[in-house]
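Chemist: What follows is a protein structure lacking sequence information:
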C-alpha cells in the first residue's frame, strides 16, 4: 500500500501530465501568461520563489517548478518555445522529496 509521500508524488505526476495536455488552454489565457523573464522576476519579487526543478516536454516546452523552501509557496510554469510562460498552478506546502536514489538506496 503506497504511503502518503508516494500518493502525493503520483497525484502530482498525474496533474502535471494533465497540465501539459492543457497547454492549448493556457495559450488562450493571456492573464496567466507573459514573457518568461517577467514571470520569473514576479515570482521572486512577490513570493521569494526560485526554480527548484525543470523538465522538457516532447514538444519543446519547459515545465518548471518554482518554490520558496521556507514559506512553502510554489508555482508551476510552462514555457513555450517562443519564450512565453504560462502559470499552470500554484499553491502552498511545498516540500522537496528525496527519492530512494537520492538516499543511496
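Modeler: Done, it's in. Please read these numbers as outputs of a predicted model, since none were measured by experiment. Residues are numbered from 1 along each chain as shown.

Chemist: Can you pull out the low-pLDDT segments for the protein?
Modeler: For the chain, the stretches with pLDDT under 70 are 1-31, 100-105.

Chemist: Kindly recompute the last result at 50.
Modeler: 1-2, 7-8, 10-11, 14-15, 17-18, 21-22, 25-28 (pLDDT under 50).

Chemist: Just the strands from it, written as ranges.
Modeler: Assigned by DSSP state E, the strands in the chain fall at 33-35, 50-56, 62-67, 74-79, 84-91.

Chemist: buried set for the shortest one?
Modeler: So that's strand 33-35. Across strand 33-35, burial judged by 16 or more other CB atoms under 10 Å covers 33-34. To be clear about C-beta, it is placed using only N, CA and C from the backbone, and glycine gets the same treatment.

Chemist: Pull up the pairing partners for it, direction included.
Modeler: strand 84-91 (antiparallel) (DSSP bridges).

Chemist: Okay, buried residues for the strand it pairs with please.
Modeler: Using 16+ other CB under 10 Å as the test for burial, strand 84-91 gives 84-88, 90.

Chemist: Which single one of those residues is nearest to residue 76?
Modeler: residue 88 (4.5 Å; CB to CB).

Chemist: Tabulate the strands of the chain (JSON lines), appending distance to residue 44.
Modeler: Output for the strands of the chain, formatted as JSON lines (distance: least, CB to CB, whole Å):
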{"stretch": "strand 33-35", "distance to residue 44": "14"}
{"stretch": "strand 50-56", "distance to residue 44": "7"}
{"stretch": "strand 62-67", "distance to residue 44": "8"}
{"stretch": "strand 74-79", "distance to residue 44": "11"}
{"stretch": "strand 84-91", "distance to residue 44": "13"}
